[in-house]
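Just the structure for this:
(2 chains)
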Amino acid sequence: MPHAHPPTAPTRRQLLTRIGTLAGSAALYQAMTSLGHAMGTDFRGPPQLSGAKPGTRVLVLGAGLAGMLSAYELRKAGYKVQILEFQSRSGGRNISLRGGDTIREMGGATQKVGFASGNYINPGPWRIPYHHQGLLHYCQEFGVQLEPFIELNHNSWLHSTDAFGGKAVRYRELASDFNGFTAELLTKAIDQHKLDELVSEDERAHLRQAMHSWGALNKDMAYTKGNTSSLRRGFEKPQGGGVDGAPVPSAPFARKDVMQSGLWNWMAFHERLDMQTTMFQPVGGMDQIGKGFTRQVKDLITLNCKVSSIHQDDQGVTVTYTDTAHGDTVRQAQADYCVCTIPLPVLSQLDVQVTGGLKAAIAAVPYASSVKMGMEFKRRFWEQDDQIYGGISFTDQQISQISYPSNGIFSKGPAVLLGGYMFGPAAYDFAGMTPEERIERALKQGMAIHPQYRKEFSNGISFAWSRVPWTLGCCSMWTEEARKTHYKTLCTMDNRLVLAGEHASYVGCWQEGAILSALAAVTSLHKRALGAA
Amino acid sequence: MRKFLLLTSLVVTAGLVTTSLTPVVGHADSASAVDGKMQALPDGEAVYHHVCQSCHMPDGKGAVGAGARFPALAGNPKLQSADYPAYVVLNGHGGMPWFSGLLNDQQVVNVVNYIRTHFGNHYTDTLKLEDISGMRPQLSAEEE
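Down below sits the predicted model:
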């Protein structure tokens, strides 16, 4: 589907493809769970490492989740561990920003966060799928309290500048109408014997029944204005009490408008395994995870260390770094082994003594550009005026989405929402703007969904990942070609050095990737140190 | 990620990008959603402004990070041959993504000619469309 807004009515085949996208994943998932297959990521419990040779030293580069978890498990196994971190904080891309924090970008732009006390934005990871069992395991082990993150909200807005006259529609309206019209068409196709060749008589009967309930069709197998459809999409006059309590049903949108809107893309989005309910977030900000990890290994971390070279030979590993907290003194650290979690755009520019294959792998994975907007408003107008409690509104404008806080619902006073979350072209464009320009653009585009936006706006910040000095990007972008050529090399221990981080996983750009890669890295390091590999 | 780049290039090839914005839907290389719209990028300056300056900075001087940097385009001897920047734009380099999906050949030529004649650069030879034929890499989307 090269274009989200096909100018002509969809063909039957296009329609069936859409049904497959929307209904198929749910059906497949159901089939898989009933067979017990969809258990989660490849997490099989924490590694049981023990019996390290006494005195064996491991140097971990980077105090993000991968680095801290590596250090935690290796110390438990008996290694003498030290972590060097570039920033003056631990946590890596696991961050929350609060009032008083400062954002300094490459290029010199500086922003002061002005949020009210208790408010925060998560500029990096912000939601955790229920099947990211590795991360969830360590959250529990380290006492990080989690709460539900609301991903799908049927009352949120879907907006396209080219659909419905540029007016936002409710998710429930669009979804009900799309499902209803699709079910009606499929039923018609069955009744007109157009599926006879494809589908057996029994199955046609089952399908017809399923379409009746899935699509909220009436007794004539039609999706029309009436209580049945309004019990999905909402009423014109809602159900009430007393003598005037009778509801008035709402009219569905025109089928062709629904089909050409492209807004069904957002229905499919929530069906991805990554986005399925239930999702979680830490209570009090995503950085509670980083803090939980830090509590376990705080005594091992040295902050403000800018690594410049990693050398290794038969005797051990030598890392040269600049101690930026002490007059830029150049120091060296030695160890028997090294776990390196430095993001690849940085690592590829350092003096790293590894085989040519690993060097090529390190240089083969670019990082995506991403920008997030954290915007504080004087009141929760999305709750008070629009009855939107958490979840995400989507738009085809650059900001792509507005996500409402899942925490503090019904509270008075100012609140922070995610006023834009961009990858690709929009992220490049926004990252190239000044912070003031980004806020202005986000306000302007947000007005298309929330007319209260400007009036209620208090203050805001933007976080452009491509301008973060210690990652130079958001997260790894693998092509099939790079994966085939370089992935195994990237993850394989190179003499005394092993890499970890989301880039060394198939769960790229998620914290779970950092967790699983760290567990794989420490396991191979331990084998190597014991002489087994 | 690649998925969205392919979609974009299809749309561009079909000539649907003129002054209207192009919706780019379906990418999720990450915890992200769908990409926003893409501006029309009619000339080299527009490509630089909307894409390149996010890292190489509006003045083309790049920036320094944690022992790593975005190279400056101002006074960079690697721009002596126009082939080099054209190859890097299409294929990427280290942490820099490939732009073969986002930019068509004309846009690549335009932006290379732009950076070689701005930021204090005064190269007089001009890159032409035929000079970059064959540079475009064959990259395919990872199943997401």
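
What residues does A:His154 make contact with?
A:Arg170, A:Tyr171, A:Arg172, A:Ala175 (C-beta atoms under 8 Å, 6 or more residues apart in numbering or on different chains). From N, CA and C alone the C-beta is placed, and that goes for glycine too.

among the residues you listed, who's most crowded?
A:Tyr171 (25 neighbours; other C-beta atoms under 10 Å in any protein chain shown).

I'd guessed that one sits against A:Asn153; true?
Yes - between A:Tyr171 and A:Asn153 there is a contact at 6.7 Å, judged by C-beta atoms under 8 Å.

and the residue of chain B found nearest chain A, what is it in contact with?
Closest residue of chain B to chain A, C-beta to the nearest C-beta: B:Gly95 (2.4 Å). B:Gly95 sits next to A:Pro343, A:Leu344, A:Pro345, A:Val346, A:Ser348, A:Pro366, A:Tyr367, A:Leu472, A:Gly473, B:Ala68 when contact means C-beta under 8 Å, 6+ apart.

ok, now with 7 Å
A:Leu344, A:Pro345, A:Ser348, A:Pro366, A:Tyr367, A:Leu472, A:Gly473 (C-beta atoms under 7 Å, 6 or more residues apart in numbering or on different chains).

In helices, which of those residues fall?
Those of the contacts of B:Gly95 mapping onto helices are A:Leu344, A:Pro345, per DSSP state H.

rewinding a little: return the member of the contacts of A:His154 nearest to chain B.
Among the contacts of A:His154, and counting by C-beta to the nearest C-beta, the member closest to chain B is A:Tyr171, at 13.8 Å.

Who's the closest spatial neighbour of residue 121, skipping the chain neighbours?
This is for chain A. A:Gly374 (3.0 Å; C-beta to C-beta, 6 or more residues apart in numbering or on different chains).

not what I meant, chain B
B:Leu79 is the one closest to B:Asn121 (C-beta to C-beta, 6+ apart), at 6.1 Å.

what's the domain layout of the chain?
Let's take chain A. Taking automatic domain parsing as the reference, chain A has its domains at A:12-37+A:171-261, A:62-84+A:303-363+A:479-529, A:97-154+A:279-285+A:368-467.

wrong chain, I was asking about chain B
B:1-40, B:41-138.

Is it possible to get a markdown table of these that adds distance to A:Asp191 and mean pLDDT?
Output for these, formatted as a markdown table (distance: least, C-beta to C-beta, whole Å; pLDDT from 0 to 100):
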| stretch | distance to A:Asp191 | mean pLDDT |
| --- | --- | --- |
| domain B:1-40 | 33 | 39 |
| domain B:41-138 | 44 | 96 |
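
Tabulate those (JSON lines), appending distance to A:Asn94.
Output for those, formatted as JSON lines (distance: least, C-beta to C-beta, whole Å):
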{"stretch": "domain B:1-40", "distance to A:Asn94": "13"}
{"stretch": "domain B:41-138", "distance to A:Asn94": "17"}
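
show me the contacts for the spatially most central residue of chain B.
By C-alpha atoms, centre = their mean, chain B has its centre lying nearest to B:Phe99, at 4.5 Å. If you count contacts by C-beta under 7 Å, 6+ apart, B:Phe99 has them with B:Val89, B:Leu90.

Can you classify it by secondary structure?
coil (DSSP: H, G, I helix; E, B strand; the rest coil).

can you tell me how far it sits from B:Tyr48?
12 Å (C-beta to C-beta, to the nearest Å).

which regions of chain A lie under the pLDDT threshold?
Residue ranges of chain A with pLDDT under 70: A:1-39, A:532-533.

relative to its centroid, which residue of it is most remote?
Farthest-from-centroid check, chain A (C-alpha atoms, centre = their mean): A:Val243, 48.3 Å.

did I read that right, that residue in a strand?
No - counting by three-state DSSP, A:Val243 falls outside a strand, being coil.

Find the nearest non-adjacent residue to the residue in chain A positioned nearest to chain B, please.
Nearest residue of chain A to chain B: A:Pro345, at 2.4 Å (C-beta to the nearest C-beta). Here the nearest residue to A:Pro345 in space, its sequence neighbours aside, is B:Gly95; by C-beta to C-beta, 6+ apart that works out to 2.4 Å.

ok, the nearest residue to B:Gly44 once chain neighbours are set aside - contacts?
Of all residues beyond its chain neighbours, the one nearest B:Gly44 is B:Tyr114 (2.8 Å), with distances taken as C-beta to C-beta, 6+ apart. Taking C-beta under 7 Å, 6+ apart as the criterion, B:Tyr114 is in contact with B:Gly44, B:Glu45, B:Tyr48.

which residues in chain B form strands?
B:63-64, B:69-70 (DSSP state E).

The first one vs chain A: in contact?
Yes - counting by C-beta under 7 Å from any C-beta of the partner chain, chain A has neighbours in strand B:63-64: B:Ala63.

Return the list of strands paired to that strand, each annotated with direction.
strand B:69-70 (antiparallel) (DSSP bridges).

Contacts for the partner strand, please.
A:Met106, A:Gln349, B:Cys55, B:His56, B:Gly62, B:Ala63.

what's the neighbour count on the first one?
Read that as A:Met106. With other C-beta under 10 Å as criterion, A:Met106 counts 22.

from what I can see it touches A:Ala464, true?
No - using C-beta atoms under 7 Å, A:Met106 is not in contact with A:Ala464; the gap is 8.9 Å.

what sits against A:Ile402?
A:Ser393, A:Leu417, A:Leu418, A:Gly419, A:Gly446, A:Ile449.

Touching, the third one and A:Phe377? I think so.
No - because the distance of 11.9 Å does not satisfy C-beta under 7 Å, A:Leu418 is recorded as not touching A:Phe377.

which non-adjacent residue is nearest A:Arg528?
A:Met493 (5.4 Å).

now A:Val352
A:Val352's closest residue in space is A:Ile310 (C-beta to C-beta, 6+ apart), at 4.8 Å.

doesn't that neighbour fall inside a strand?
Yes - judged by three-state DSSP, A:Ile310 forms part of a strand.

list the contacts for it?
Contacts of A:Ile310 by C-beta under 7 Å, 6+ apart are A:Val317, A:Val319, A:Cys338, A:Cys340, A:Leu350, A:Val352, A:Gln353, A:Leu497.

in the sheet, who's paired with it?
Going by DSSP bridges, A:Ile310 forms beta bridges with A:Val319, A:Val352.

do you know how far it is from A:Cys338?
A:Ile310 is 7 Å from A:Cys338, by C-beta to C-beta.

Now for those two: what residues contact both?
By C-beta under 7 Å, 6+ apart, the residues touching both A:Ile310 and A:Cys338 are A:Val317, A:Val319, A:Leu497.

what kind of secondary structure is A:Trp478 in?
coil.

My guess is it contacts A:Cys509. True?
No - counting by C-beta under 7 Å, A:Trp478 does not reach A:Cys509; the two are 10.0 Å apart.

quick one: which of the two has more around it?
A:Cys509 (29 against 24).

close enough to count as contact, that one and A:Glu502?
Yes - A:Cys509 is in contact with A:Glu502 according to C-beta under 7 Å; the separation is 5.9 Å.

residue contacts, A:Gly166?
A:Ala448.

Quick check: phi and psi on it?
phi 80, psi 10 (degrees, to the nearest 10).

Quick check: closest non-adjacent residue to A:Ser230.
With C-beta to C-beta, 6+ apart, the residue lying closest to A:Ser230 is A:Pro249, at 4.0 Å.

And for the one you found, the neighbour number?
18.

looking at the sheet around it, what are its partners?
A:Phe235.

residues contacting it?
A:Lys225, A:Gly226, A:Asn227, A:Ser230, A:Phe235, A:Glu236.

mind checking how far the first one is from A:Phe253?
To A:Phe253, A:Lys225 is 11 Å away according to C-beta to C-beta.

of those two, who's got more company?
Counted by other C-beta under 10 Å, A:Lys225 and A:Phe253 do not tie: A:Phe253 has more neighbours, with 20 against 15.

right, and the more buried one touches A:Asp177 too?
Yes - the pair A:Phe253 / A:Asp177 is scored as a contact, 5.2 Å apart, by C-beta under 7 Å.
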